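Asker: no FASTA, just this:
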């Protein structure tokens, strides 16, 4: 794909993610206009709104998977991995603010999402085993709360910077679930 075509596709998908998060009934024509692209160009790439929506979800999942990989959830020291993961996911949610529950309609996309959730759950278990998080909490509770904090930061733009948002989220999370080892 040419560089300009790749930029246009990313612009279309990020614009689509933002507009569909605001109004799930947004048309391809409205997304194309907002992105500054010719509607016919968009329709040549995506023949339906559902195809565009699927591409938005795929791009969001690509970004989530890249963030999980870059964070080093399996091998990096827990505090470093946690902060890198949260900072990256804040960025993903701000760039790709699509409604995750709508991913259920595509089994392949939903399975990828579930694998990402399982990877975070394994990290939380590792953090607990290594003494950074309190033991004895309900199995999915810490991960669910972490996800909720990240989603909240996406909606609360009073913390403009991804790094600042990550600092606040990690601090809040560790105060709720951390041990003295977590700092």
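Answerer: On my side now, so go ahead. Keep in mind it's a predicted model, so treat the numbers as computed, not measured.

Asker: what count of nearby residues applies to residue 81?
Answerer: Neighbours of residue 81 under the rule other CB atoms under 10 Å: 20. Backbone N, C-alpha and C define where each C-beta goes, glycine included.

Asker: equivalent analysis for the one 10 residues further on, please.
Answerer: For residue 91, the neighbour count with other CB under 10 Å is 17.

Asker: tell me the helix or strand right after the strand or helix carrying residue 142.
Answerer: According to DSSP states H and E, residue 142 maps onto helix 141-155. Using DSSP H and E, the helix or strand that follows helix 141-155 in sequence is helix 162-177.

Asker: so where's the protein shaky on pLDDT?
Answerer: 1, 101-102, 156-159, 183 (pLDDT under 70).

Asker: all helices of it, in order?
Answerer: Along the chain, the segments classed as helices by DSSP state H run 3-22, 28-35, 39-45, 49-71, 78-95, 107-129, 141-155, 162-177.

Asker: output the contacting helices and strands for the fifth one.
Answerer: Yep, that's helix 78-95 we're talking about. In terms of contact count using 3 or more CB pairs under 8 Å, 6 or more residues apart in numbering; DSSP states H and E, helix 78-95 is assigned the packing partners helix 49-71, helix 107-129, helix 141-155, helix 162-177.

Asker: I'd like to know which of those lies nearest to residue 135.
Answerer: Smallest distance to residue 135 across the helices and strands packed on helix 78-95 (CB to CB): 5.7 Å, for helix 107-129.

Asker: so which bits of that closest one are buried?
Answerer: Within helix 107-129, the residues that qualify as buried by neighbour count (16 or more other CB atoms under 10 Å) are 109, 110, 112, 113, 117, 119, 120, 123, 124, 126, 127, 128.

Asker: related to what we said a few turns ago, okay, the helices of the chain, which one's buried deepest?
Answerer: With neighbours taken as mean count of other CB atoms under 10 Å, the helices of the chain reach their highest mean count in helix 78-95, at a mean of 21.
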